[in-house]
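**Q** sequence below, structure please.
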Amino acid sequence: MIVVTPEIALDDAELVETFIRASGPGGQNVNKVSSAVQLRFDARRSPNLPDAVAARLMRLAGRRLTADGVIVLTAQRFREQERNRADARARLVALIVAAAVAPVTRRRSRPTLASKQRRLAGKTVRSKVKATRGRIIADE
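**A** Okay, here's the model as predicted:
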């Protein structure tokens, strides 16, 4: 079990890990060893995720989400397979933690009476300054 939050824990059977060859530099080793990890998690059908969290998680996943609702994470930062596995799992947990927090909706507020009066006083001052900028009529 992977504990994500006090309310959410993922079963190890829900995660499918496949090992692939990592791209990039590495010499001959990169052609022989499958050290990169591709982690798949079915967010749509997971029994351990509440529906609201699953919906937010699929929205957060973006391009990493397939049409079937499966999140695919590829980890290849490290040369060791075990470190890449831990990295992929940590990234999945971070995504779920971000999705578990419900967004706070903004509540509209009204300006106070004092702030309205300050705004109007400032406008009055600017108005008086600009009123003195009229055209000068020369007496002949």
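**Q** only C-alpha atoms for contact and neighbour calcs from this point on.
**A** Noted.
**Q** quick check: which element contains Thr18?
**A** Thr18 is part of strand 15-20 when elements are defined by DSSP states H and E.
**Q** list the buried residues of that strand.
**A** Glu17, Phe19, Ile20 (16 or more other C-alpha atoms under 10 Å).
**Q** for it, packing partners?
**A** Helices and strands touching strand 15-20, by 3 or more C-alpha pairs under 8 Å, 6 or more residues apart in numbering; DSSP states H and E, are strand 36-42.
**Q** any idea which element the residue most central in space within the chain lies in?
**A** Of all residues in the chain, the one closest to the mean position by C-alpha atoms, centre = their mean is Leu60, 5.7 Å from it. In the assignment (DSSP H and E), Leu60 maps to helix 51-61.
**Q** how about the CA coordinates for that helix, as CSV?
**A** Only the C-alpha atoms of helix 51-61 are listed here, as CSV (Å, rounded to 0.1, in the frame of the first residue of the first chain):
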residue,chain,number,x,y,z
ASP,A,51,-14.7,10.7,-7.9
ALA,A,52,-13.9,14.3,-7.3
VAL,A,53,-10.2,13.6,-6.7
ALA,A,54,-10.1,11.3,-9.8
ALA,A,55,-11.6,14.1,-12.0
ARG,A,56,-9.1,16.7,-10.7
LEU,A,57,-6.3,14.2,-11.2
MET,A,58,-7.2,13.5,-14.8
ARG,A,59,-7.4,17.3,-15.4
LEU,A,60,-4.0,17.8,-13.8
ALA,A,61,-2.4,14.9,-15.8
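**Q** tell me how far it lies from the chain's centre.
**A** Between the centre of helix 51-61 and the centre of its chain there are 11 Å (C-alpha atoms, centre = their mean, to the nearest Å).
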